[in-house]
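Novice: Just need the structure, nothing else, for what follows:
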Amino acid sequence: MDKDFRQTVMAYLAGKLTCRQVAEAITDYLDGSLSFWQRVRFELHLGMCIGCRNYLRQMKKTIQLLGTLPPDPIPDHIRDELLRRFRTWSHHQKHTGERSEQEWR
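Specialist: Below you'll find the model as predicted:
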């Protein structure tokens, strides 16, 4: 198959997905939350665009490196306050289905 024709067909199937759209969808792609056809379009774009392939590779490496960092310790008083606020919010949500603005302050 002629290389130009193959690229034309791939571009058509990719639905003219832009590099910006690919960049915005990378997290969804890596999480596996794209639909089948979104993933197909995404991967077709990657097949045609070395810049987006490089960006995807960089994102994967960044995620891998961030996963090796130890978590920062949270002081006990801050952890306790966060847990108290979450429990208050969670209890309120269960009983009213609403969020209190005051709870977020």
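Novice: Find the centremost residue of the chain, please.
Specialist: Central residue of the chain (CA atoms, centre = their mean): T27, 2.4 Å from the mean position.
Novice: In which helix or strand does that residue reside?
Specialist: Following DSSP states H and E, one finds T27 within helix 19-31.
Novice: One more: R41?
Specialist: With DSSP H and E as the test, R41 turns up in helix 36-48.
Novice: Determine how far that helix lies from the middle of the whole chain.
Specialist: The chain centroid and the centroid of helix 36-48 are separated by 16 Å, computed with CA atoms, centre = their mean, to the nearest Å.
Novice: before we move on, back to that, may I see the buried residues of the helix holding T27?
Specialist: 22, 25-26, 29 (16 or more other CB atoms under 10 Å). Bear in mind the C-beta positions are built from the backbone N, C-alpha and C, glycine included.
Novice: For this structure, just list every one of the helices.
Specialist: Under the criterion DSSP state H, helices of the chain are mapped to 3-14, 19-31, 36-48, 50-66, 76-96.
Novice: Just the buried residues of the longest one, please?
Specialist: Going by neighbour count (16+ other CB under 10 Å), nothing in helix 76-96 comes out as buried.
Novice: mind showing which ranges of this structure have poor pLDDT?
Specialist: The model of the chain has pLDDT under 70 over residues 1, 7, 9-15, 91-105.
Novice: again, 80 this time
Specialist: Low-confidence segments of the chain (pLDDT under 80): 1-16, 90-105.
Novice: ok, and what's touching the helix holding T27?
Specialist: By CB atoms under 8 Å, 6 or more residues apart in numbering, the residues outside helix 19-31 that reach it are 34, 38-39, 42, 45-46, 49, 51-52, 55-56, 59-60, 63.
Novice: Can you select the buried ones from those in ChimeraX?
Specialist: For the buried members of the contacts of helix 19-31, the matching ChimeraX selection, counting by 16+ other CB under 10 Å, is:
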select :34,38,42,45,46,49,52,55,56
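Novice: Out of the contacts of helix 19-31, which comes closest to R79?
Specialist: Distance to R79, by CB to CB, is smallest for I63 among those, at 25.6 Å.
Novice: Can you name the residues that contact that closest one?
Specialist: Applying CB under 8 Å, 6+ apart, the residues near I63 are L30.
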